[in-house]
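**Q** any chance you could fold what I've pasted below:
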Amino acid sequence: MPVPFIAFLGPSGTYAEAACRQLAQAQGLEDHTPRSGLSIQHVLHQLKADHGGDGTVAAAVVPVENSVQGGVTATLDTLWSLSTACCPPDAPDPYGPQGLEIVRGLVLPIRHALLGSGRMEDISEVISHPQALGQCSTWLNNHLPQALQLPTTSTAEAARMVKGSRFRGAIASLDAAGEQDLNVLAYPINDEPNNCTRFLLVRPVVAMERSSPPSAPGDHAVITSLCFSLRQRDRPGALVEALQVFHGQSLNMSRIESRPAKTGLGKYVFFVDVEGHYQAAPFQKALRNLYPTCEHLLNFGSYPVMTVPPETIERP
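**A** Predicted structure coming up:
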């Protein structure tokens with residue numbers, strides 16, 4: 001029988017691959033085979049198309065937020081476009097995830113290195129993912145101010161592209177250095193020492209058993225990710241009214257971000273993370289109050305978030 005795949009942003013040696021290994025182990029998916037994808041959009045579209053059957057992409061690992069650069073817009077926009085709005089209040093599982101569901105999160109410390117085949121003083125081009133370039137912008141301005149900064153699809157792809165070049169350098173992980181047999185020219189080079197990225201493990205709802213409410217109330221290790229657009233977006237106080245439903249149930253909203261709805265200028269969707277499980281009674285009441293104010297309401301799931309200790313990433 002064919003084994004299912006877990007897709008991640010590749011090629012081998014990316015931070016996404018490291019997150020994929022840890023999330024698969026934590027979720028009991030060690031029998032799934034990691035498979036790299038060309039882009040975040042490609043990874044999630046594969047998951048949506050395959051529906052999680054054997055021999056297909058049954059899960060995906062994608063970055064959603066960085067502590068320096070903020071939300072990963074490709075992930076947010078693609079989740080919004082591929083997911084389905086919540087069912088009405090009279091459905092068997094009202095306000096539950098439809099289409100794709102986040103089942104686990106991982107906060108991974110990010111330690112960038114400058115890699116190359118030559119010497120640092122000879123580098124005239126630095127290649128990496130745009131997020132990595134942004135996370136090292138001050139270091140690059142101080143140490144390689146004349147070097148061109150060129151974006152590519154991933155940090156590991158950047159490492160592959162500079163192999164054998166004496167004038168190109170890549171910002172990538174130490175794992176990528178080993179994969180491509182590159183010299184570590186400088187490490188660490190990220191501007192913020194506490195740089196970290198949150199990754200998500202996503203699976204199709206149809207491939208999963210419905211989660212049950214948490215046994216212990218007030219489980220703050222679980223967060224619920226929602227996305228909504230407002231029915232009356234031009235009315236003063238409409239967004240405040242929507243957000244007050246969580247305050248009314250003493251639910252802590254730990255993150256909010258807006259993105260263009262891509263349906264017209266001035267139209268936005270709002271991504272929010274709220275502590276707690278969506279099936280808990282206070283959360284259900286908040287969603288009942290939120291639902292009428294929304295043109296679209298999407299629930300991406302309730303899930304635990306793990307944090308990788310920095311000392312497990314650092315190397316001499």
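
**Q** so what does the lengthiest helix in the chain touch, helix or strand wise?
**A** The residue-count maximum for a helix in the chain (DSSP state H) belongs to helix 15-27. Helices and strands touching helix 15-27, by 3 or more C-beta pairs under 8 Å, 6 or more residues apart in numbering; DSSP states H and E, are strand 5-9, strand 33-37, strand 57-66, strand 100-109, strand 196-204. Glycine gets a C-beta too; all of them are placed from N, C-alpha and C.

**Q** okay, helices next: where are they in the protein?
**A** Taking DSSP H as the criterion, the chain carries its helices at 15-27, 40-50, 73-82, 130-135, 137-143, 155-162, 174-180, 238-248, 281-290.

**Q** how far does the third one sit from the chain's center?
**A** By that I understand helix 73-82. 10 Å (C-alpha atoms, centre = their mean, to the nearest Å).

**Q** quick one, it and strand 57-66 angle?
**A** 130 degrees (axes from the mean of the first three to the mean of the last three C-alpha atoms, to 10 degrees).

**Q** mind listing what's buried in helix 73-82?
**A** Using 16 or more other C-beta atoms under 10 Å as the test for burial, helix 73-82 gives 74-80, 82.

**Q** of those residues, which is the nearest to Val3?
**A** Using C-beta to C-beta, Leu82 is the member of the buried residues of helix 73-82 that sits closest to Val3, with 23.8 Å.

**Q** what does the model give the closest one for pLDDT?
**A** Looking at Leu82, its pLDDT reads 90.

**Q** I'd say it and Val43 touch.
**A** No: judged on C-beta atoms under 8 Å, Leu82 makes no contact with Val43 at a distance of 11.1 Å.

**Q** now the angle from the longest helix of the chain to strand 100-109?
**A** Interaxial angle of helix 15-27 relative to strand 100-109 (the same axes, to 10 degrees): 110 degrees.

**Q** pull the residues that contact helix 15-27.
**A** For helix 15-27, the surrounding residues in contact (C-beta atoms under 8 Å, 6 or more residues apart in numbering) are 6, 8-10, 29-30, 32, 34, 36, 59, 61-63, 103-104, 106, 108, 110, 154-156, 173, 175, 197, 199, 201, 306, 308.

**Q** which among those residues count as buried?
**A** Applying 16+ other C-beta under 10 Å to those flags 6, 8-10, 29, 32, 34, 36, 59, 61-63, 103-104, 106, 108, 110, 154-156, 173, 175, 197, 199, 201, 308 as buried.

**Q** select, out of the helices and strands packed on helix 15-27, the one closest to Leu251.
**A** Distance to Leu251, taken as C-beta to C-beta, is lowest for strand 100-109 among the helices and strands packed on helix 15-27, at 17.7 Å.

**Q** now the angle from that closest one to strand 196-204?
**A** Using the same axes, to 10 degrees: strand 100-109 against strand 196-204 is 160 degrees.

**Q** parallel or antiparallel, list what pairs with strand 100-109.
**A** In the sheet, strand 100-109 lines up against strand 196-204 (antiparallel), strand 294-307 (parallel) (DSSP bridges).

**Q** contacts for it, please.
**A** So strand 100-109 is in contact with 15, 18-19, 22-23, 26-27, 44, 47-48, 64, 79, 82-83, 194-205, 208, 223, 225, 300-301, 303-310, 313, going by C-beta under 8 Å, 6+ apart.

**Q** what about Thr307, how many residues nearby?
**A** 12 (other C-beta atoms under 10 Å).

**Q** from Gly13, how far out is the residue lying closest to it once chain neighbours are set aside?
**A** Nearest non-adjacent residue to Thr307, counting by C-beta to C-beta, 6 or more residues apart in numbering: Val107, 4.4 Å away. Shown here: Val107 relative to Gly13, a distance of 20 Å by C-beta to C-beta, to the nearest Å.

**Q** neighbour-wise, which of these two wins?
**A** Under the criterion of other C-beta under 10 Å, the comparison of Val107 against Gly13 puts Gly13 first, with 25 against 15.

**Q** I'd say that one and Ala156 touch.
**A** Yes: contact criterion C-beta under 8 Å: Gly13 and Ala156 qualify, at 3.7 Å.

**Q** give me the common contacts of those two.
**A** Joint contacts of Gly13 and Ala156 (C-beta under 8 Å, 6+ apart) are 172-173, 176, 179.

**Q** below-threshold pLDDT in the stretch 101-250 of the chain: ranges please.
**A** Scanning the stretch 101-250 of the chain for pLDDT under 70 picks out the ranges 206-220, 233-234.

**Q** now tabulate the helices and strands packed on helix 15-27 in TSV and tack on distance to Arg255.
**A** Below are those laid out as TSV (distance: least, C-beta to C-beta, whole Å):
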stretch	distance to Arg255
strand 5-9	21
strand 33-37	25
strand 57-66	7
strand 100-109	12
strand 196-204	10
